[in-house]
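> here is a sequence with its predicted model. Questions after.
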Amino acid sequence: MKLTILGSGYFIPMVNRNNSGYLLEIGSEYVLLDTGSGTLRQLIKGGYSVWNISKIFYSHLHIDHLADLLPVLFTRKYTQPNREEGKLSLFGHNDLQKIIAGFENLFSQWIIHDKYPYHCNCIKPGKYNYDSFGLEVFKGNHAEQSLMYRFEDSTGKTLLYTGDTDLSDELYKAANGVDILLTELSSTNEEFTHGHLSPSKISQLLDKCKPKVTILSHLSPETEKGTIIDTINVPLNCKVELAEDFAVRNI
Ligand SMILES: [Zn+2]
Ligand SMILES: [Zn+2]
């Protein structure tokens, strides 16, 4: 499994950090986790093509996690696939279907590809098996449509992507003993925001779940400073790092 950070930033545009987007190479598949504004360009900059991607999982439907879906579909319509199987599956809360129906209502001739279709799959908490990986989906604690995704590859390595989140029993269950916890740090201890994690909340999460490596992303202008990591209590044998755009981790 290989994770590439395409966007480690906040919902407000930042010079050095794109909106949320991550590329996961797992088994024989290339999977995107969220497509915030600029994700498509980040993907190209990283040396990949939109046609590499067979699945996109949406943590929730806020604009900073979703905005590049329309450019992804538009690019697929007017370029050629570099793989035999050009299908794309989109996964997320029920409301994703409504958003796509809206896109199709306005832009159908520019996004619907007869030969290489996309499909929207509403997904609910539970366990799923795909050819390249196993997946467990948990309900998130951020927005009504929030979902968290725990991927497991054929060697048993696991990665949890929480999207934006606050603490919850579901989060504790999902993050327990995971190899990579890809989560967020967009709140400070001083300026506490509901639905997001702060250093003290992350300390609680690590204490309870002991993920091997925690990557903190969705960084705000206040939380992207390197010193904030020193305020997190990191249990023995656990590692914590701040995400950077284009950082790569092999798991
Ligand atoms: Zn959000
Ligand atoms: Zn967000």
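That came through, no problem. Ligands and ions are numbered 1, 2, ... in the order given.
> contacting residues around the one residue in the stretch 151-251 of the chain that gets nearest to ligand 1?
Residue nearest to ligand 1 within the stretch 151-251 of the chain: residue 164 (3.9 Å; CB to the ion). Heads up, the C-betas are built off the backbone N, CA and C, glycines and all. For residue 164, the contacting residues are 59-60, 62, 65, 140, 142-143, 146, 184, 186, 195-196, 218, by CB atoms under 8 Å, 6 or more residues apart in numbering.
> distance of it relative to ligand 2?
Going from residue 164 to ligand 2 by CB to the ion, to the nearest Å gives 4 Å.
> equivalent analysis for residue 1, please.
From residue 1 to ligand 2 the distance is 24 Å (CB to the ion).
> surely that residue meets residue 152?
No: at 9.0 Å, residue 1 does not count as touching residue 152 under the criterion of CB atoms under 8 Å.
> for the longest helix along the chain, packing partners?
Determined from DSSP state H, the single longest helix within the chain is helix 95-111. On a contact count with 3 or more CB pairs under 8 Å, 6 or more residues apart in numbering; DSSP states H and E, helix 95-111 meets helix 69-78, strand 118-122.
> element containing the residue of the stretch 151-251 of the chain closest to ligand 1, please.
If you go by DSSP states H and E, residue 164 is not part of any helix or strand.
> show the pLDDT at it.
Here the pLDDT value assigned to residue 164 is 97.
> ok, now residue 34?
98.
> just confirm yes or no for the helix or strand hosting it near ligand 1.
Element membership for residue 34 (DSSP H and E) is strand 29-35. No: applying CB under 5 Å from the ion, one finds strand 29-35 separated from ligand 1 by no less than 9.8 Å.
> how far off centre is that strand?
The chain centroid and the centroid of strand 29-35 are separated by 7 Å under CA atoms, centre = their mean, to the nearest Å.
> quick one: strands adjacent to that strand?
strand 21-26 (antiparallel), strand 53-57 (parallel) (DSSP bridges).
> can I get those strands in JSON lines with distance to residue 74, mean neighbour count and mean pLDDT?
Converted to JSON lines, the strands paired with strand 29-35 look like this (distance: least, CB to CB, whole Å; neighbours: other CB atoms under 10 Å; pLDDT from 0 to 100):
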{"stretch": "strand 21-26", "distance to residue 74": "17", "mean neighbour count": "24", "mean pLDDT": "98"}
{"stretch": "strand 53-57", "distance to residue 74": "14", "mean neighbour count": "22", "mean pLDDT": "97"}
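> in JSON lines: those strands, plus distance to residue 177.
Shown next, in JSON lines, are the strands paired with strand 29-35 (distance: least, CB to CB, whole Å):
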{"stretch": "strand 21-26", "distance to residue 177": "19"}
{"stretch": "strand 53-57", "distance to residue 177": "21"}
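> out of those, nearest to ligand 1?
That would be strand 21-26 among these, by CB to the ion, at 13.6 Å.
> is ligand 2 contacted by the closest one?
No: using CB under 5 Å from the ion, strand 21-26 stays clear of ligand 2, with a minimum separation of 11.2 Å.
> ok now that strand, how far from the chain's centre?
8 Å.
> run through who's touching it.
1-7, 30-36, 38-39, 42-43, 46, 48, 68, 132-133, 151, 153, 159, 161, 182, 217.
> looking at these, which are in strands?
2-7, 30-35, 151, 159, 161, 182, 217 (DSSP state E).
> let me see the contact set for the residue lying closest to residue 152 once chain neighbours are set aside.
Using CB to CB, 6 or more residues apart in numbering and skipping residues adjacent in sequence, the residue nearest residue 152 is residue 134, 4.2 Å away. When contacts are counted by CB under 8 Å, 6+ apart, residue 134 touches 127, 128, 151, 152.
> any idea what residue 134 is bridged to?
Beta-bridge partners, per DSSP bridges, of residue 134: residue 129, residue 152.
> ligand 2 versus that one, what's the distance?
Counting by CB to the ion, the gap from residue 134 to ligand 2 is 26 Å.
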